[in-house]
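**Q** 3D, please:
(chains A and B)
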Amino acid sequence: MDDLHNDGRRDNSDTRFDTSVLLKNAAKQRDERGYDDFLIIDVDSHHYETEAFKEIAQYISDPVLRDEAMFQGAGHGGITSELGSYQSMMGRVTRYPNRKKEKTPPAPHRDITLMRRWMDAMGVDIACMFPTPMLNLASCQRIEVQVGLAKAYNEWLCDRILSQDSRLKSMLYLPLHDPEACYDIVKQFGHRKGVIGFMITAPHYASVYSNAYAKSYSLLQELDVPLAFHAGFPSSDQGLKLTNRFIGLHALGFPWFNMIHMTNWIINGMPERFPKLKTIWIESGLAWIPFLMQRLDNEFMMRSSDAPLLKRLPSDYMREMYFSSQPMERVKNARALEVTFEMINAGSQLLYSSDYPHWDMDLPSTIYDLPFLDEIQKRNILGENARKLFKLPTDLSDAKLERRAARAAAQPAG
Amino acid sequence: MVDVPVCNEAELTNGEMRLVRSGKREIGVLRHDGRYFAYENSCPHQGGPACEGLLMPAVKDVIGENGVYTGQDYDRSEMHLVCPWHGYEFRLSDGRHAVDGDVRLRKYDAFARDGVVYVTV
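**A** Reported below is the predicted structural model:
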């Protein structure tokens, strides 16, 4: 142990932490690229609901379950728990261990302050926030716990966060293993402030084409709000259990479940059965999409009787869906990314997402600096595509407006 | 080229880092095992403050006879500067990415003279 501490390494023990300081280079990029002049919307970002878990637990209506949740708490269980527990790579990604040190004022809610700090640093005006550990709630075999926590979290999020800040939005968690509960949640929360859609965490062992979900999908269509499939990586999956390192689990797990759901969604003709229901495929990167388009198109040409509801090629339906950008694969063959953008109609269908504060987050510059996009395309992907999809206002953040006003005031008169 | 004073030698202990500004650039000056290193505090990946991250020995898988995996260990002869945003690891010795040497931090000369640490910009 002594040896480990005397080899000249620097650790986090004495470091003070503040999101705005960590992201000072993002703020520099924001200013250099002139983000103050246009809207940026981030459709996939996160907070850590476990930090407010005791508040959330109070919203569980079943008193026994509530007490149990209060007693047990949330969060990861250490080194013997799932592989995802060491995402921070032993503290290399410093915001994981340092997060708890960050000081916030008593009001507004800590989650709101932390969200605003990174959003302002990056130049993000509006963010759609998702939970973090709860993304793996579907792996809990107690369906009543899934439902109880989903309802409590959604209620808490609407009450304490979304109602307090119009820059914060969410697509609410649906406990897919209980179709009736999904329907109830859409009905109950569909009109709440800040709710811009609903979300399924992709690692559900449930058939998304099941008739059991038809009335929920119909209601989503009627409300004209999208359904999102957020990727995840259950290390309990039999196939993924073969991976022993987080990099393998993550690289495969995140696209894998979205590929399964996408395949079932298309082959069972869901785009024809629910033609106005918009779907968003989140946090699987982009490289899987051309792969799946090619696989499905090729096989559909030989086996169209297997998917008789389809009137067009699978890729034609996929091109009308929406995809979030992160974690965008930055590979040496830049042409691969350009072709991907062409194949998915990125100009209108791609939605920028940071995934902040997770370890593989992407800044707006990952889109803004792409050499094959023009300024309009960049702004569409960074904000306008999402603004249109979610019917959001064009208002820039107060921080941007203040900087613009200060710049205008500094201009010489006349 | 100008030699910019960073701090007194005594202020920069083993493994520590100081930031200095040169025009629009921010440069991290580090001391490790009596040597000085200086890199621009901007990661070539997404612009993260690479010099402000952890300084750690390289990790290696230890493979024994007949290709048998026997565990992991640190290679203390190769220290890595780790960008805190995403974990890109750069060799402290030359600022190149631990695997892809084409990806590298912008390097500056750093040295001590008469008890003062300097970086040449």
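**Q** so which residue is dead centre in the chain?
**A** Here I'm looking at chain A. Computing the C-alpha centroid of chain A and ranking residues by C-alpha atoms, centre = their mean puts A:Asp44 first, at 3.2 Å.
**Q** sorry, I should have been clearer: chain B.
**A** Geometric centre of chain B, nearest residue: B:Leu92, 3.6 Å, by C-alpha atoms, centre = their mean.
**Q** so what sits opposite the nearest residue to that residue once chain neighbours are set aside in the bridge?
**A** Ranked by C-beta to C-beta, 6 or more residues apart in numbering or on different chains and with sequence neighbours excluded, the top spatial neighbour of B:Leu92 is B:Met79, at 4.2 Å. C-betas here are computed from N, CA, C, even on glycine. Assessed by DSSP bridges, B:Met79 has beta-bridge partners B:Pro57.
**Q** ok, B:Met79 - how many residues close by?
**A** Per other C-beta atoms under 10 Å in any protein chain shown, the neighbour tally for B:Met79 reads 24.
**Q** you'd agree the residue nearest to the centre of chain A is in a strand?
**A** Yes: under DSSP: H, G, I helix; E, B strand; the rest coil, A:Asp44 falls within a strand.
**Q** ok, now how distant is it from B:Ala38?
**A** Separation of A:Asp44 from B:Ala38 (C-beta to C-beta, to the nearest Å) stands at 37 Å.
**Q** repeat for B:Tyr69
**A** Distance from B:Tyr69 to B:Ala38, by C-beta to C-beta: 38 Å.
**Q** comparing those two, which residue is more hemmed in?
**A** The neighbour comparison of B:Tyr69 against B:Ala38 (other C-beta under 10 Å) goes to B:Ala38, with 28 against 10.
**Q** show me what contacts A:Tyr213?
**A** A:176, A:179, A:182 (C-beta atoms under 8 Å, 6 or more residues apart in numbering or on different chains).
**Q** quick check: chain neighbours aside, which residue is closest to the second one?
**A** Right, A:Pro179. The shortest distance from A:Pro179 to any non-neighbouring residue, by C-beta to C-beta, 6+ apart, is to A:Ala212 (3.8 Å).
**Q** how far off centre is stretch B:40-56?
**A** Averaged C-alpha coordinates place stretch B:40-56 at 9 Å from its chain's average position (C-alpha atoms, centre = their mean, to the nearest Å).
**Q** correction: the previous question concerned stretch A:350-365.
**A** Computed by C-alpha atoms, centre = their mean, the separation of stretch A:350-365 from the middle of its chain amounts to 9 Å.
**Q** got the buried residues for that stretch?
**A** Buried residues in stretch A:350-365, defined by neighbour count with 16 or more other C-beta atoms under 10 Å in any protein chain shown: A:350-365.
**Q** which of those residues fall in strands?
**A** A:350-351 (DSSP state E).
**Q** and which of the buried residues of stretch A:350-365 is nearest chain B?
**A** Closest approach between these and chain B, by C-beta to the nearest C-beta: A:Leu363, at 5.2 Å.
**Q** got the residues of chain B near chain A?
**A** B:14-17, B:32-33, B:41-42, B:45-49, B:53-57, B:74, B:76, B:79, B:82, B:84-87, B:89 (C-beta under 8 Å from any C-beta of the partner chain).
**Q** on that earlier part again, would you enumerate the residues in contact with the residue nearest to the centre of chain B?
**A** B:Leu92 neighbours (C-beta under 8 Å, 6+ apart): B:30, B:32, B:37, B:55, B:79-81.
**Q** that one and B:His32: what is the separation?
**A** Separation of B:Leu92 from B:His32 (C-beta to C-beta): 6 Å.
**Q** next, count neighbours for residue 57.
**A** You didn't pick a chain, so chain A it is. Neighbour tally, A:Ala57, other C-beta under 10 Å: 23.
**Q** correction: the question concerned chain B.
**A** 18.
**Q** so it makes contact with B:Arg76?
**A** Yes: using C-beta atoms under 8 Å, B:Pro57 makes contact with B:Arg76 at a distance of 4.6 Å.
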